[in-house]
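Peer 1: Pasting the sequence and the predicted coordinates here, then a few questions.
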Amino acid sequence: MKTWIPVIAGVALAGSAAVANANEIVVGGKNFTEQQLIASMTSQYLDNLGYDVETRAGMGSAVLRQAQENGQIDLYWEYTGTSLINYNDVTESLSPEETYQRVKELDAEKGLVWLEPSAANNTYALAMRADSIEETGISTLSELAQAVNDGQELSFAMNAEFYAREDGWRPLQQAYDFRVGRADVKRMDSGLVYQALRDGQVEVGLVFATDGRIPAFDFQVLEDDQNFFPAYALTPVVHEDTLAENPELEAQMNALSALLDDDTMAQLNAQVDVDRETIEDVAHNFLVENELIEE
């Protein structure tokens, strides 16, 4: 693997803004586990394919995006909802497919090419313990709403931001046509939600769909069968000049993207955050297991 260069969020990238030459790829990554994993995975994969790879990980989201628009970053993995809402100011409710198509079109005007999205969707979700799901038969948000409306006693935990935000808890109840009393909703820091759900203090908790604690604590995410939550599909995005110089990069990155889904990313994140394995080892082992590189 080539150079791994952490970059402090908020610090501008040095050097020329010119996109890397053919077979020289600068891979970017944000400053949290999932992004550092996918950056390492991409770098090791491309290095094995013969590219001269430099990795710039640990960047803030806005800085990373600007660096790619400026041509300082060739490739990184972005979330469809982040581009839609944060970078293109689109607030209308769209399906996952519509979200992808919209950001693909809007970002093309900025010289960025969205490749095939993975099935990993790191969005908000409601989860229950696996044993609770087995007992109640609830597996979707519609079934959860029906259980509440039928009088089943269920308590919820979520962070205060989601409880109060205009696209959060209240609209979710409106979308699924159910109502939970204030006394049955516990507001706490996000990290404490996972502990409260694990320890049986609540039956339902607000989580992020690819969080490593989901498999580690034996949670199951309830299907958002009405697509209430915005789509945040993890997708490789490459600068158009880089792709023009390396057209084979599209098929290569799409092959990696096709291997990723919520369960896979959650398991990989857990290996780092729960089992304390190194990011480089987890990424390497995944690539070996899927025959993208040799041992």
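Peer 2: Everything's here; your move. Numbers count the residues shown, from 1 in each chain.

Peer 1: Who are the contact partners of Ala119?
Peer 2: 233, 260-262 (C-beta atoms under 8 Å, 6 or more residues apart in numbering). C-beta: built from backbone N, CA, C; applies to glycine.

Peer 1: gap between the residue nearest to the spatial centre of the chain and Ile138?
Peer 2: The centroid of the chain falls nearest to Asn122 when counting by C-alpha atoms, centre = their mean (3.3 Å). With distances taken as C-beta to C-beta, to the nearest Å, Asn122 is found 23 Å from Ile138.

Peer 1: returning to that earlier point: quick check: the residue nearest to the centre of the chain touching Gly212?
Peer 2: No: Asn122 lies out of contact with Gly212 (C-beta atoms under 8 Å); the separation is 11.5 Å.

Peer 1: Note down every partner strand of whichever helix or strand Leu206 is part of and its orientation.
Peer 2: Taking DSSP states H and E as the criterion, Leu206 maps to strand 204-208. Strand 204-208 has its sheet partners listed here by DSSP bridges as strand 124-129 (antiparallel), strand 156-158 (parallel).

Peer 1: Quick one: mean pLDDT for it?
Peer 2: Mean pLDDT, strand 204-208: 97.

Peer 1: Tell me the helices and strands packed up against the lengthiest helix in the chain.
Peer 2: Determined from DSSP state H, the single longest helix within the chain is helix 33-48. Counting contacts by 3 or more C-beta pairs under 8 Å, 6 or more residues apart in numbering; DSSP states H and E, helix 33-48 is packed against strand 24-30, strand 52-59, strand 75-79, strand 234-239, helix 249-257, helix 262-273, helix 279-289.

Peer 1: run the last query once more with 6 Å
Peer 2: strand 24-30, strand 52-59, helix 262-273, helix 279-289 (3 or more C-beta pairs under 6 Å, 6 or more residues apart in numbering; DSSP states H and E).

Peer 1: neighbouring strands for the second one, and are they parallel or not?
Peer 2: The sheet places strand 52-59 alongside strand 3-6 (parallel), strand 24-30 (parallel), with pairing taken from DSSP bridges.

Peer 1: Format the CA atom coordinates belonging to the longest one as PDB.
Peer 2: What it means is strand 24-30. The C-alpha trace of strand 24-30 is given here as PDB (Å, rounded to 0.1, in the frame of the first residue of the first chain):
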ATOM      1  CA  GLU A  24      -1.600   8.300 -10.000                       C
ATOM      2  CA  ILE A  25      -4.700   8.400  -7.800                       C
ATOM      3  CA  VAL A  26      -5.200  10.500  -4.700                       C
ATOM      4  CA  VAL A  27      -7.900   8.900  -2.500                       C
ATOM      5  CA  GLY A  28      -9.700  11.000   0.100                       C
ATOM      6  CA  GLY A  29     -11.600  10.000   3.300                       C
ATOM      7  CA  LYS A  30     -13.500  11.700   6.100                       C
END
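
Peer 1: Any stretches of the chain with poor pLDDT?
Peer 2: Counting by pLDDT under 70, the ranges of the chain that qualify are 1-22.

Peer 1: Break it into its domains for me.
Peer 2: Here the chain is described, according to the TED database, as comprising the domains 25-121+231-290, 124-221.
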